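Enquirer: Build the 3D model from these lines:
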Amino acid sequence: MSSQSRPVIPLPEGDGAETENLVVDAALQAKGVQLVKMEGRVFLRFTGAVRHNDLRVPYQLVPAQGVLAKPSKWRKMDPEAQRALVLERAGADAIDALHNSAAAFVREISELADDCDFDAMTFLQTLAELQTSDPAEHVYDRIRQRIIHAVEREQEERHAARTKQSINLAEYPDSFDVARRMPRKFIALLGPTNSGKTHRAMEALMKAPSGVYLAPLRLLALENFERMQAARPHGKELKVSLVTGEERRLAEGATHVASTVEMLDSRRRVDVAVIDEIQMLSDRDRGAAWTAAVCGAPASVVYLVGAPEARRAVEALAERLEVPLEVHVLKRMAPLAMEPTAVRKLRNLRRGDAVICFSRREVLMWRDMITEMGLSVATVYGNLSPEVRRAQAERFRDGTADIVVGTDALAMGLNMPIARIVMTTAIKYNGYEEEEISAALARQIAGRAGRYGVHEEGFVAGYDDETHEVMRALLKEKLAPLSASGFAVAPSIENLHRIAAVTNETSLVKLLKRFVHNIDVPDGFFYPRITEEQNERAIWLDTLTLTVAEKFMLSLVPISTKVPSLQGAWEHWAMSLAKKRICKLEPEGGSLRWLNLQEVEDACRRYSAYAWLAYRQPAYFPSVEVAQELSRAASERVDAILQAQNAAARKQQRGAGSGSLKKRR
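Expert: Coordinates of the predicted model:
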């Protein structure tokens, strides 16, 4: 047969296709072989159909070795070479292999579609419609991804619906069984700092047969624990326990408890509960603890103590919970005034001042500058343990320290005889960016000046002119009321177990995500909330072999993940628990002596976090007493270092012959 009489497979035009024809055996056309130029390639496409049950699925696919050449190279080949390459790549084995792979793929997708009640042809029709030079396996993968995504979407919708049915936040107050069943009364004592509101609530608590004080800080829990221990409301001492995340001092037969708000025992009925700093309902990270306390405090009378701007929120909660409410708005007992001008110079600082900064580094820098002027300084900042903060505050109270330099940690608790607040800045880092402090925080800090019974009046000043004017404006600003809806609710382990039961999920990240996005929030009065830090921890914890309960507990350990040594300790504890290894602490003797201030502070926080874990997993973290001893030793070491640094700076100043500032209260 001459070359002119041979059957041909045309090379289609389009996309710059060649116009010449390729002469091949006529049998290839009958077997569904096409020669195509597209996407910068010359390739073979096999067409056919697969039958599976009642389906007939046509296909046009490129075999594994179906791509022959680039068009430029193809044009340079003579017709015989072209024909030989086509016959080599389009043999019976290649056609059968592609048909068998298509048949297997059709069965796979059909079975998966049947399992999910999908129409298989919705996905399989792509086999005949997709115009591409990609090999068949790539096409199969694309279709697999489509149906997998469809399955995931369908499963997501089903799990979301089940999650919504399993948790209804409108019923959140009902989860506190004791409080829900007992008659309760709310008494709101609202007023600025130094209005005596906490004193009134504590007097009522100490006179009651039983009660609980719920504090925002371990320091305040400790202070009021000791206050109740020293009280003699009916001529005899109270039996008081201290319960925080990191410490338990349990008195036999205790009638009263001082506790951090997160440690509320919602099952132990008492006569009076005091919830301090009620405006923390709006706190981004911890507000859920105050929501739980208001809903779940099992007391006949619950005192809600805090700032006046919390009134609308308190009223809304009382109405929702159907609890009668009394509101008492108290006024500041000693007046508060702005100084006429800024302080401007260190020599204008005076005894009884509290100098406010917003970072540990700034606190230590200002401490050093002030001690060089001849004044002794107490220091208070968030990284210090409650014991150190209290010891430093006591030095200011008893006159050993002339001035206290601190962060806004001074704004909550730590009652001290401060005559004047001096703000070194009104700019604070909020965890994301630096911004001007809120009017509420400015007022809370400023309110520490002029302690009633010690000073007739309190004063506020900026160190520089700009800060002075900003503070003047902030103290005049009218405070916005707290929102009367959207009260934060954090997930409980019971919530997560309920979601896991209906979704079969064990990933903490996914369970937390479902809690935030899928539970029923009918009117938005209560709203699900988790912290970013908890979510970030959950991602890492999901890589370990831990139960949901263990991962959830570890996600809540009160330790800073921003400090590498503390993050490393937390990861070590998590991995130890995953491997079911007992993690003990050993007494360190004098090793703290060789650490600098920052390292001892971090050690103190590490021991406290271990104690927190030990109370929750004593089988694997058995050294709770050692942790508390080490924490106390570290606190004492921090206090000693601060005193030594203060003394050294003053000695150096005296040696230089510098004059000291005239002291006056």
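Enquirer: and residue 538, what does it touch?
Expert: 508-509, 512, 551, 555 (C-beta atoms under 8 Å, 6 or more residues apart in numbering). Bear in mind the C-beta positions are built from the backbone N, C-alpha and C, glycine included.
Enquirer: Who wins on neighbours among the residues you listed?
Expert: Tallying neighbours with other C-beta atoms under 10 Å puts residue 508 at the head of the contacts of residue 538, with 27 neighbours.
Enquirer: can you give me phi and psi for that residue?
Expert: phi -60, psi -40 (degrees, to the nearest 10).
Enquirer: Can you tell me what sits against stretch 504-514?
Expert: With C-beta under 8 Å, 6+ apart as the criterion, stretch 504-514 contacts 159-160, 163, 491, 496, 499-500, 503, 530, 534-535, 538-539, 541-542, 548, 551-552, 555.
Enquirer: If you could redo that for stretch 115-130, that was the one I meant.
Expert: 55, 57-61, 102, 106, 109-110, 112-114, 139, 142-143, 146-147, 150-151, 154.
Enquirer: Which members of those residues occur in helices, if any?
Expert: In this view, these that belong to helices under DSSP state H are 102, 106, 109-110, 112-114, 139, 142-143, 146-147, 150-151, 154.
Enquirer: are any of the residues you listed buried, and which?
Expert: Among the ones in helices among the contacts of stretch 115-130, the ones that count as buried by 16 or more other C-beta atoms under 10 Å are 102, 106, 109-110, 112-113, 139, 143, 147, 150.
Enquirer: For these, please prepare CSV with the additional fields pLDDT and distance to residue 339.
Expert: What follows is these, written out as CSV (pLDDT from 0 to 100; distance: C-beta to C-beta, whole Å):
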residue, pLDDT, distance to residue 339
102, 94, 86
106, 94, 84
109, 91, 78
110, 92, 82
112, 88, 76
113, 88, 77
139, 93, 78
143, 92, 75
147, 90, 72
150, 89, 69
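Enquirer: For residue 303, state which of those is nearest.
Expert: For these, the minimum distance to residue 303 (C-beta to C-beta) is 55.5 Å, reached by residue 150.
Enquirer: mind listing what the closest one touches?
Expert: 116, 118, 123.
Enquirer: Return a ChimeraX selection command for the buried portion of those residues.
Expert: Those of these that count as buried under 16+ other C-beta under 10 Å are selected in ChimeraX with:
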select :118,123
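Enquirer: Go through the contacts of residue 150 and flag which are in strands.
Expert: With DSSP state E as the criterion, strands contain none of the contacts of residue 150.
Enquirer: Tell me which of the contacts of residue 150 fall in helices.
Expert: 116, 123.
Enquirer: For the contacts of residue 150, could you give me TSV that also reports distance to residue 184 and pLDDT?
Expert: Below are the contacts of residue 150 laid out as TSV (distance: C-beta to C-beta, whole Å; pLDDT from 0 to 100):
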residue	distance to residue 184	pLDDT
116	50	81
118	53	87
123	59	91
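Enquirer: Show me which of the contacts of residue 150 is closest to residue 647.
Expert: residue 116 (74.8 Å).
Enquirer: Any figure for the gap between the closest one and residue 140?
Expert: Distance from residue 116 to residue 140, counting by C-beta to C-beta, to the nearest Å: 18 Å.
Enquirer: Is the nearest residue to residue 60 once chain neighbours are set aside in a helix, a strand, or coil?
Expert: The shortest distance from residue 60 to any non-neighbouring residue, by C-beta to C-beta, 6 or more residues apart in numbering, is to residue 47 (4.5 Å). Secondary structure, DSSP: H, G, I helix; E, B strand; the rest coil: residue 47 is strand.
Enquirer: what's around residue 47, how many residues?
Expert: 13.
Enquirer: Report whether residue 271 is found in a strand, as I expect.
Expert: Yes - counting by three-state DSSP, residue 271 is found in a strand.
Enquirer: Make sure residue 467 is actually in contact with residue 343.
Expert: No - contact criterion C-beta atoms under 8 Å: residue 467 and residue 343 do not qualify, at 9.4 Å.
Enquirer: of the two, who's got more company?
Expert: residue 343 (23 against 20).
Enquirer: mind checking the SS state of the more buried one?
Expert: Once three-state DSSP is applied, residue 343 turns out coil.
Enquirer: Quick check: phi and psi on it?
Expert: The phi/psi pair for residue 343 (degrees, to the nearest 10) is phi -70, psi -50.
Enquirer: from memory it sits against residue 460, does it?
Expert: No - using C-beta under 8 Å, residue 343 is not in contact with residue 460, being 10.7 Å away.
Enquirer: which regions of the stretch 1-150 of the chain lie under the pLDDT threshold?
Expert: 1-25 (pLDDT under 70).
Enquirer: Which stretches in it count as strands?
Expert: 8-10, 21-23, 33-38, 41-52, 55-61, 67-69 (DSSP state E, counting those that start in this stretch).
Enquirer: do the same with the stretch 151-300 of the chain
Expert: Counting by DSSP E, counting those that start in this stretch, the strands of the stretch 151-300 of the chain are 185-190, 211-215, 240-243, 248-249, 256-260, 270-275, 299-306.
Enquirer: Mean neighbour count, the ones you listed: which tops it?
Expert: strand 211-215 (a mean of 27; mean count of other C-beta atoms under 10 Å).
Enquirer: Tell me which other helices or strands it touches.
Expert: helix 197-207, helix 218-230, strand 256-260, strand 270-275 (3 or more C-beta pairs under 8 Å, 6 or more residues apart in numbering; DSSP states H and E).
Enquirer: Residue 473 is nearest to which of these?
Expert: helix 197-207 (26.0 Å).
Enquirer: Pull the distance from that closest one to the chain's centre.
Expert: 33 Å (C-alpha atoms, centre = their mean, to the nearest Å).
Enquirer: That helix - contacts with which helices or strands?
Expert: Using 3+ C-beta pairs under 8 Å, 6+ apart as the test, helix 197-207 ends up in contact with strand 185-190, strand 211-215, helix 218-230, strand 270-275, strand 299-306.
Enquirer: Return the distance of the fourth one from the chain's centre.
Expert: Okay, so that is strand 270-275. So, by C-alpha atoms, centre = their mean, the centroid of strand 270-275 is 29 Å from its chain's centroid.
Enquirer: Contacts for that strand next, please.
Expert: 198, 201-202, 204-205, 208-214, 257, 261, 290, 293-294, 297-305.
Enquirer: The third one too?
Expert: Residues external to helix 218-230 that are found in contact with it (C-beta under 8 Å, 6+ apart): 202, 205-206, 213, 215, 237-238, 240-247, 249, 256, 258-260, 276, 386-387, 389-390, 412-414.
Enquirer: Chain neighbours aside, what residue packs nearest to residue 535?
Expert: residue 512 (6.1 Å).
Enquirer: Report the spatially nearest residue to residue 253, omitting neighbours in sequence.
Expert: Nearest one to residue 253, counting by C-beta to C-beta, 6+ apart, is residue 239 at 5.3 Å.
Enquirer: likewise residue 581?
Expert: residue 620 (7.3 Å).
Enquirer: hang on, the earlier thing: list the contacts for the residue nearest to residue 60?
Expert: 32-34, 58-60.
Enquirer: and if you look at residue 192?
Expert: 307-308, 331-332, 443, 447.
Enquirer: Restricted to buried residues, select those in ChimeraX.
Expert: Only the buried entries of the contacts of residue 192 go into this ChimeraX selection, using 16+ other C-beta under 10 Å:
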select :307,308,332,443,447
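Enquirer: Turn the contacts of residue 192 into TSV, including distance to residue 524, secondary structure and pLDDT.
Expert: Converted to TSV, those look like this (distance: C-beta to C-beta, whole Å; DSSP: H, G, I helix; E, B strand; the rest coil; pLDDT from 0 to 100):
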residue	distance to residue 524	secondary structure	pLDDT
307	24	coil	95
308	25	helix	96
331	34	coil	93
332	35	coil	90
443	29	helix	93
447	33	coil	91
